[in-house]
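Undergrad: When you get a sec, could you give me coordinates for this:
(one chain, ligands or ions: 1)
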Amino acid sequence: MDRSNKPAAIGVGASLPQPSLSIKDNVIEASLPTGQSVQVHLYGATVTSWKANGKEQLFVSEKAHLDGSKPIRGGIPLVFPVFGPPPQNHATSTLPQHGFARNSNWEFLGKSSSDAPGKDSKADLTVKLDFGLSHSMLTEEFRETWPYEFGLVYSVTLTKDTLETSLQVRNEGKQNFEFQVLMHTYLNIADISDVRVKGLESKTYLDKTLQGTSHVETSAALPITQETDRVYQNLDPAVPIEVASAKDNQPLFSITREALGDVVVWNPWIEKAKGMADFGPDEAYKNMICVEAGSVSSWQTLEAGEAWEGGQSIKSRL
Ligand SMILES: O=P(O)(O)OC[C@H]1O[C@@H](O)[C@H](O)[C@@H](O)[C@@H]1O
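TA: Numbering: from 1, shown residues only. Have a look, this model is predicted:
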């Protein structure tokens, strides 16, 4: 995963087609000459579209609010600095569910592109979009409820066959703070009954549908047949979690992570889907599965002046 801020390689392939960028109504769109594209709303720095292989790879609810009035239901909302309902007696306790990153207005820091080493420069071209959020950009309410001086840089990198998202968290103040982080990725699938989640066998998970009780996964290829809300813990980030087709066992998505040791698997199923005002149509629960890379089962402590970085790379074969 390239986290450098290096600019486009000057001179290399100067005559080759370059990634294109458009900025309109607080939505940033970039595309590669090979056809892949990504779209990011400044509200939440939420990735709302990733097209590869001629297909949309991310699910966005038809009823999602795209006007900044509510976190966007779909794509990749970013969860920070707390996952789920904040615990009592913690610095995050008065924040909303999943924190403030997904409901804050981020700034676009710029685009960079690079040729990865390879024979076909056009095919290896990548584009990286950087977004920033800091304490002074928060609403007054969030600044008061979470009074830490912080800086986030969120990088969204599009390559020929992957989408990479990575977050750098900096503590720019004088006090330590604790945070959790999660990339709440809604993957677009044709039919939930046809997918299996692989790479979780023998891993411990907390089942949020069963009062957060702890279990050990017994399935090598997990089918989703009911409401599912599980936090798999302490995974090896380098081992991919795969969403595979049950028909031919072929992976549809493969997700590797860096410094993100937990993975949440979530599908609201029938009743919960109906109960979410911004989720639609009702049957759309069949067309999505959230596989969310994060660090949520404990807290990351960031000392004054320190930085932390983590991310995911999603490869699609859809
Ligand atoms: O409705 P929200 O706040 O976007 O959350 C959606 C889901 O997000 C998941 O990450 C949680 O594990 C679920 O418990 C939660 O329901």
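Undergrad: going forward, measure contacts between C-alpha atoms and count neighbours the same way
TA: Fine.
Undergrad: could you pull out the helices for the chain?
TA: Using DSSP state H, the helices assigned to the chain run over residues 121-124, 140-145, 269-275.
Undergrad: Turn those helices into a markdown table, columns for mean neighbour count and mean pLDDT.
TA: Listed next are the helices of the chain as a markdown table, based on neighbours: other CA atoms under 10 Å; pLDDT from 0 to 100:
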| stretch | mean neighbour count | mean pLDDT |
| --- | --- | --- |
| helix 121-124 | 17 | 66 |
| helix 140-145 | 14 | 96 |
| helix 269-275 | 16 | 98 |
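Undergrad: so which of those comes closest to G44?
TA: Taking CA to CA, helix 140-145 is the member of these nearest to G44, at 13.8 Å.
Undergrad: sorry, back to before: the helices of the chain: which one's closest to the ligand?
TA: With respect to the ligand, and counting by CA to the nearest ligand atom, the nearest of the helices of the chain is helix 269-275 at 8.5 Å.
Undergrad: What count of nearby residues applies to the nearest residue to F253 once chain neighbours are set aside?
TA: Using CA to CA, 6 or more residues apart in numbering and skipping residues adjacent in sequence, the residue nearest F253 is S316, 4.6 Å away. If you count neighbours by other CA atoms under 10 Å, S316 ends up with 21.
Undergrad: What does the pLDDT read for S316?
TA: For S316, the model assigns a pLDDT of 95.
Undergrad: same check, this time on P17
TA: With respect to pLDDT, P17 scores 83.
Undergrad: measure the residue nearest to F253 to V38 for me?
TA: S316 sits at a distance of 14 Å from V38 (criterion: CA to CA, to the nearest Å).
Undergrad: What of L138?
TA: Using CA to CA, we find L138 at a distance of 25 Å from V38.
Undergrad: what does P96 give?
TA: Distance from P96 to V38, by CA to CA: 28 Å.
Undergrad: Of the two, give the one with the bigger neighbour count.
TA: A direct count of neighbours by other CA under 10 Å for P96 and V38 places V38 higher, at 23 against 15.
Undergrad: I'd say that one and E29 touch.
TA: Yes. Between V38 and E29 there is a contact under CA atoms under 8 Å: 5.7 Å.
Undergrad: What is the burial count for the residue nearest to Q18 when sequence neighbours are not counted?
TA: Nearest in space to Q18, with sequence neighbours left out and distances taken as CA to CA, 6+ apart, is P33 at 6.5 Å. Neighbour count for P33, taken as other CA under 10 Å: 16.
Undergrad: P19 now?
TA: 23.
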